[in-house]
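> Sequence and computational prediction follow.
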Amino acid sequence: MCGFALAGMVTVAVPGLVGTDSSRVHLAPGRSASPEQCLAGARVVDPEANPQFSEGGHLTPQQAALYDQQLQEALVPLRGQKLEPPHTVPVVVHVISAEDGRGEVSDERVQKQIDVLNAAYSGEYAGGADEPADAAAPEDAARAAGVAEAPEAADTGFRFELSEVTRTANDEWFTRFSTHRDTIRSELRQGDAETLNIYTSDLGTGLLGYSTFPQDYESAPEQDGVVLAHDTLPGGDRERFNLGHTGTHEVGHWLGLFHTFQNGCSSPGDYVEDTPSEREAASGCPEGRDTCPEDPGEDPVTNFMNYSDDTCMTHFTEGQATRMVEHWEAFRAA
Ligand SMILES: [Zn+2]
């Protein structure tokens, strides 16, 4: 839908819109969406630091509704079929670094990122204490305490296997990734709709990563993939966000998930039944937060599709797992 479905259809103000998402909604009729329209799956630390992500990476209610409409239409021919969790997803990681070596990500750290994805999508972070020893900082004892009441984690059925790492040393690409983003992805992307391409680079101070959605693939296959700030991979220098769950979160978008705070307290929220609604993104790891007191359940602070710290995140729900499989079958499965 990037640059196509949005053109000319969104010039209205949105009732019930949370926060600051007005600017991108007001496209002139008939004009194509800007490239940023395709980046709505962002994970942002400090939206103020990234003017182009002033919405905090949120989709407007209309954009979310369009994505969901596309999903529902694509699922019609699949009705009656049993949707099986897919096989293993091949992953190609493209490391963009500076010519002096800044931003290099070792093969070991790349593999650790894959390990984190596999643990997260298997449900192995449930309860915090059972997390894989390699995947988290060992001194993180607080984590186990903080997430003792974590909801049950789904095994989503998705597994990830590293197939290749490409390395590009290019100062211009590294320091101005967003400017050259489309070129970089067009030149480097490999595989088909089932292949997960991950790009690592410098993304500036406030932005952790972003992703395209499965629905975007058809119109812009060469742009499909996940972009991660290099220091968010396991062992990186990014405080609070260096256990690899930016990767977990962005791949969630790549498989079709919205943020848990999508649409705030308004129905249909994030289009997932078993994630309680939430007025806005969480930060840190607040306990007992309940920003939609009229609705059942406390905020899903520990869900991977929130903005909480890496140490706080523990799980996807069964509903999210089902929705990811639906997206896979509808848009990615061969
Ligand atoms: Zn996100």
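Yes, it's here.

> pretty sure residue 320 is in contact with residue 275, am I right?
Yes. With contacts counted by Cβ atoms under 8 Å, residue 320 reaches residue 275, the gap being 6.7 Å. C-betas here are computed from N, CA, C, even on glycine.

> which residues do these two both contact?
303, 305 (Cβ atoms under 8 Å, 6 or more residues apart in numbering).

> Any regions of the stretch 101-250 of the chain where pLDDT drops low?
For the stretch 101-250 of the chain, applying pLDDT under 70 flags the ranges 127-151.

> All the helices of it, residue numbers only.
All helices of the stretch 101-250 of the chain, identified by DSSP state H, counting those that start in this stretch, fall at 107-122, 141-146, 171-175, 177-188, 245-254.

> Switch those over to CSV; also include distance to residue 299 and mean neighbour count.
Below are these laid out as CSV (distance: least, Cβ to Cβ, whole Å; neighbours: other Cβ atoms under 10 Å):
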stretch, distance to residue 299, mean neighbour count
helix 107-122, 20, 20
helix 141-146, 14, 15
helix 171-175, 36, 17
helix 177-188, 30, 16
helix 245-254, 16, 27
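
> As a markdown table, those with distance to the ion would be great.
Output for the helices of the stretch 101-250 of the chain, formatted as a markdown table (distance: least, Cβ to the ion, whole Å):
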| stretch | distance to the ion |
| --- | --- |
| helix 107-122 | 14 |
| helix 141-146 | 21 |
| helix 171-175 | 23 |
| helix 177-188 | 16 |
| helix 245-254 | 5 |
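
> Ok, which of the ones you listed comes nearest residue 200?
Set against residue 200 and scored by Cβ to Cβ, the helices of the stretch 101-250 of the chain come closest in helix 107-122, at 8.3 Å.

> Give me the contacts around the closest one.
For helix 107-122, contacts defined as Cβ under 8 Å, 6+ apart pick out 91, 93, 95, 125, 131-132, 134-135, 155-162, 165, 198, 233-236, 243-245, 247-248, 251, 304, 316.

> Would you mind writing the CA trace of that helix as PDB?
Listed next in PDB are the C-alpha coordinates belonging to helix 107-122 (Å, rounded to 0.1, in the frame of the first residue of the first chain):
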ATOM      1  CA  ASP A 107      29.200 -12.500  12.900                       C
ATOM      2  CA  GLU A 108      28.900 -13.500  16.500                       C
ATOM      3  CA  ARG A 109      26.500 -10.700  17.300                       C
ATOM      4  CA  VAL A 110      24.500 -11.300  14.200                       C
ATOM      5  CA  GLN A 111      24.100 -14.900  15.200                       C
ATOM      6  CA  LYS A 112      23.100 -13.800  18.700                       C
ATOM      7  CA  GLN A 113      20.400 -11.600  17.200                       C
ATOM      8  CA  ILE A 114      19.100 -14.700  15.300                       C
ATOM      9  CA  ASP A 115      19.200 -16.600  18.600                       C
ATOM     10  CA  VAL A 116      17.200 -13.900  20.300                       C
ATOM     11  CA  LEU A 117      14.600 -14.000  17.500                       C
ATOM     12  CA  ASN A 118      14.300 -17.800  17.900                       C
ATOM     13  CA  ALA A 119      13.900 -17.600  21.600                       C
ATOM     14  CA  ALA A 120      11.400 -14.800  21.500                       C
ATOM     15  CA  TYR A 121       9.300 -16.400  18.800                       C
ATOM     16  CA  SER A 122       9.400 -19.700  20.700                       C
END
